[in-house]
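A.B. asks: sequence first, predicted coordinates after that:
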Amino acid sequence: MTAAVTGVANVVVEASRPKRDEEFTVEENTRDLADIQAASILSQGLPRYIFNTLNQTESTKEMWENIELLMKGSGLSEQRKQEELFDEYEHLRAIRNESIH
């Protein structure tokens with residue numbers, strides 16, 4: 001919340017303060033609760049190094065966008081992973097009397 005405050009020499013200064021609990025609407029409270037729950041769910045399955053990076057974000061939307069970037073990697077790394085898996089598959093050989101399980 002911002003308020004215009006007249007300071008020294010009649011200069012208008014914008015002063016801001018956080019809203020008090022009673023100033024929030026039901027919709028804002030619901031949205032904030034959903035945001036907190038979403039952030040909690042998103043952070044539960046993350047590797048520690050990614051969680052530490054995302055711990056500084058302001059909103060769940062910002063957190064989600066950063067997760068997408070960090071987890072996606074570049075197109076080249078995805079292609080490299082596919083090539084490695086294909087090579088591993090081509091060199092796969094059965095060992096006599098080896099169980100599949």
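C.D. replies: Great, that's in hand.

A.B. asks: leaving out the residues flanking it, which one is nearest to Asn55?
C.D. replies: Excluding the flanking residues, the one nearest Asn55 by CB to CB, 6 or more residues apart in numbering is Ser43, at 8.0 Å. Glycine gets a C-beta too; all of them are placed from N, C-alpha and C.

A.B. asks: just checking, that neighbour is part of a strand?
C.D. replies: No - counting by DSSP: H, G, I helix; E, B strand; the rest coil, Ser43 is not found in a strand; it is helix.

A.B. asks: thought Thr53 was touching it, still the case?
C.D. replies: No - using CB atoms under 8 Å, Ser43 is not in contact with Thr53, being 11.1 Å away.

A.B. asks: what about stretch 44-54, distance to the chain center?
C.D. replies: Stretch 44-54 sits 8 Å away from the centroid of its parent chain (CA atoms, centre = their mean, to the nearest Å).

A.B. asks: show me the strands in the chain, by range?
C.D. replies: 2-6, 12-16 (DSSP state E).

A.B. asks: state the mean pLDDT of the last one.
C.D. replies: Confidence over strand 12-16, taken as the mean pLDDT, stands at 61.

A.B. asks: kindly report the same for the first one.
C.D. replies: Model confidence over strand 2-6 averages 50 on the pLDDT scale.

A.B. asks: what does stretch 26-37 give?
C.D. replies: Mean predicted lDDT for stretch 26-37 stands at 88.

A.B. asks: how about stretch 50-69?
C.D. replies: Average pLDDT, stretch 50-69: 82.

A.B. asks: give me the most central residue, this protein.
C.D. replies: The structure's the chain has its C-alpha centroid closest to Met63; by CA atoms, centre = their mean the separation is 2.3 Å.

A.B. asks: which residue is the nearest non-sequential neighbour of it?
C.D. replies: Thr57 (4.5 Å).

A.B. asks: the one you found reaches Leu69, doesn't it?
C.D. replies: No - the pair Thr57 / Leu69 is not scored as a contact, 11.9 Å apart, by CB under 8 Å.

A.B. asks: what about the two, which has more around it?
C.D. replies: A direct count of neighbours by other CB atoms under 10 Å for Thr57 and Leu69 places Thr57 higher, at 16 against 9.
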